[in-house]
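Trainee: Fold the following.
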Amino acid sequence: MSDSAAVVNFAPEPGSVEIRSFPKPSIGVDDVLVEVAAVGVCGSDLHQWTASHSWPVNYPVVLGHEFAGTVIEAGTNVNGWREGDRVASETAAVIDLDNPMTRRGLYNLDPSRKGFGYGVDGAMTRFARVPARCLHRVPEELPLEQAALTEPCCVAYNTVVGNSRVNPGDRVLVIGPGTIGILCAAMARLCGGDVAVLGLESDTARFEVVRKYDCTPLTDARPWAMQRDGLGADVVIDAAGVSETLKLAIDLVRPAGWITKVGWGPKPLGFSIDPLVQKNVTLQGSFSHHWTIWERVLALLASGQLNVEPIIGGTWRLEDWHDAFETMHSGSVVKSVLKPGS
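Mentor: As a prediction, the model looks like this:
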């Protein structure tokens with residue numbers, strides 16, 4: 001059994017990420033072994049790197065949960081998958097099959113769920129052990145580098161299609177021009193919305209990507225939100241997560257409007273949510289995804305209706321993970337992608 005390099009988060013202190021030797025995993029009867037072709041760097045990877053996360057981590061752990069690759073081995077109980085199959089993987093590496101949410105098909109909401117990259121070893125390495133139930137077939141016309149970004153697209157799909165109320169012609173304001181925010185904007189455009197994305201003056205590079213999705217970049221959202229009739233945006237999606245952005249969302253949404261919060265923020269709110277009551281606004285959370293969403297998103301990617309090429313700012317060898325992290329963390333690119341086999 002040969003070892004490979006892996007990007008490992010080894011402790012809770014800031015900067016506790018490094019390349020380490022990692023053994024080729026042994027698989028169980030219900031698992032497959034995937035040779036990882038590409039793995040996206042997620043904002044959560046950056047948060048664990050900077051120790052600004054708000055979820056428990058099983059240290060040491062191999063980072064990476066956005067990935068695609070090729071099956072090279074299948075467990076004895078695995079049906080329907082064989083060596084050479086091109087696959088993308090869901091993130092719910094460990095679930096309780098008897099949990100009531102899992103029984104409903106909403107295993108993403110199983111409180112005991114553990115994901116790749118924080119709960120169990122992830123895919124920033126050459127070989128990943130994956131439960132066969134997590135796999136989805138990647139159409140031949142879809143490059144694996146793009147298929148690796150199915151996961152953030154699924155987060156955006158669940159946020160906009162599953163957990164928001166976007167109608168054609170609605171004004172949709174997305175707060176935060178990161179990966180999830182931009183993909184939420186792209187999804188809202190697919191739903192027929194008139195979409196703007198709010199960011200900072202320093203988000204110049206990200207705003208160029210926003211424009212490629214036919215959305216309007218903003219550094220001041222109020223004039224745009226109030227332009228139609230002075231009442232605010234129909235839908236506000238908070239993809240930034242900090243307290244101030246939720247307060248802004250409540251301020252800029254119209255009466256009887258809709259706010260969906262997908263961004264994480266560990267700090268207390270520190271403000272009254274009475275305006276939410278007064279305006280009769282729906283506040284909705286959105287977390288992760290499930291099987292049906294993955295199948296639909298892969299179909300969108302394969303057909304070209306959703307194109308992730310604009311958000312990919314570059315690819316890096318696994319050994320150059322630090323440059324990939326720094327480039328994305330600085331805002332120079334929306335998404336960095338690592339290629340473990342390069």
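Trainee: Please report how far Glu309 lies from Pro143.
Mentor: Glu309 sits at a distance of 9 Å from Pro143 (criterion: Cβ to Cβ, to the nearest Å). For the C-beta atoms, the positions are set from N, CA and C on the backbone; glycine is no exception.
Trainee: Settle it for me: which of those two has more neighbours?
Mentor: Pro143 (16 against 10; other Cβ atoms under 10 Å).
Trainee: how near is the more buried one to Arg317?
Mentor: Distance from Pro143 to Arg317, by Cβ to Cβ: 18 Å.
Trainee: what do you get for Gly105?
Mentor: The gap separating Gly105 from Arg317 is 38 Å, by Cβ to Cβ.
Trainee: show me where pLDDT drops low in the stretch 101-250 of the chain?
Mentor: Regions of the stretch 101-250 of the chain meeting the criterion pLDDT under 70 are absent.
Trainee: residue ranges for the strands of it, please.
Mentor: 114-115, 127-131, 135-137, 171-175, 194-198, 216-218, 233-238 (DSSP state E, counting those that start in this stretch).
Trainee: What is the last one packed up against?
Mentor: So that's strand 233-238. strand 171-175, helix 179-190, helix 243-252, strand 253-261 (3 or more Cβ pairs under 8 Å, 6 or more residues apart in numbering; DSSP states H and E).
Trainee: nearest residue to His289 other than its sequence neighbours?
Mentor: Excluding its sequence neighbours, the residue lying closest to His289 (Cβ to Cβ, 6 or more residues apart in numbering) is Cys154, at 3.8 Å.
Trainee: Repeat that for Gly193.
Mentor: Excluding its sequence neighbours, the residue lying closest to Gly193 (Cβ to Cβ, 6+ apart) is Val172, at 4.0 Å.
Trainee: ditto for Gly232
Mentor: Using Cβ to Cβ, 6+ apart and skipping the chain neighbours, the partner closest in space to Gly232 is Arg254 (3.6 Å).
Trainee: ok, now which ones touch that neighbour?
Mentor: Going by Cβ atoms under 8 Å, 6 or more residues apart in numbering, Arg254 touches Leu231, Gly232, Ala233, Asp234, Lys279.
Trainee: per-residue confidence for it?
Mentor: On pLDDT, Arg254 comes in at 98.
Trainee: so how far is Met187 from it?
Mentor: From Arg254 over to Met187 (counting by Cβ to Cβ), the distance is 20 Å.
Trainee: Let me have the strands of the stretch 101-250 of the chain in a markdown table, extended by mean neighbour count and distance to Gly181.
Mentor: Below are these laid out as a markdown table (neighbours: other Cβ atoms under 10 Å; distance: least, Cβ to Cβ, whole Å):
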| stretch | mean neighbour count | distance to Gly181 |
| --- | --- | --- |
| strand 114-115 | 18 | 21 |
| strand 127-131 | 23 | 27 |
| strand 135-137 | 18 | 24 |
| strand 171-175 | 30 | 5 |
| strand 194-198 | 26 | 6 |
| strand 216-218 | 18 | 11 |
| strand 233-238 | 29 | 7 |
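Trainee: need these in TSV with distance to Leu63, can you?
Mentor: Listed next are those as TSV, based on distance: least, Cβ to Cβ, whole Å:
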stretch	distance to Leu63
strand 114-115	11
strand 127-131	12
strand 135-137	20
strand 171-175	26
strand 194-198	27
strand 216-218	30
strand 233-238	25
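Trainee: Out of these, which is closest to Phe207?
Mentor: strand 216-218 (3.7 Å; Cβ to Cβ).
Trainee: gap between the closest one and the chain center?
Mentor: In terms of Cα atoms, centre = their mean, to the nearest Å, the centre of strand 216-218 is set 21 Å apart from its chain centre.
Trainee: in stretch 83-103, what counts as buried?
Mentor: Residues 85-93, 95, 99, 101-102 are the ones in stretch 83-103 that count as buried (16 or more other Cβ atoms under 10 Å).
Trainee: Just the ones in helices from the residues you listed, please.
Mentor: Secondary structure from DSSP state H places Met101, Thr102 of the buried residues of stretch 83-103 in helices.
Trainee: before we move on, back to that, would you confirm that the residue nearest to His289 contacts Trp291?
Mentor: No: if you go by Cβ atoms under 8 Å, Cys154 and Trp291 don't touch, sitting 10.0 Å apart.
Trainee: Of these two, which one has the most company?
Mentor: Here Cys154 and Trp291 are compared on neighbour count by other Cβ under 10 Å; more neighbours surround Cys154, at 28 against 15.
Trainee: what residues are up against that one?
Mentor: Taking Cβ under 8 Å, 6+ apart, one finds Ser288, His289, Ile293, Trp294, Val297 in contact with Cys154.
Trainee: quick one, domains of the chain?
Mentor: Annotated domains of the chain cover 3-149+308-339, 154-285 [automatic domain parsing].
Trainee: so can I have TSV of these showing distance to Leu301?
Mentor: Formatted as TSV, the domains of the chain follow (distance: least, Cβ to Cβ, whole Å):
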stretch	distance to Leu301
domain 3-149+308-339	5
domain 154-285	10
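Trainee: Fine by me, we can end here.
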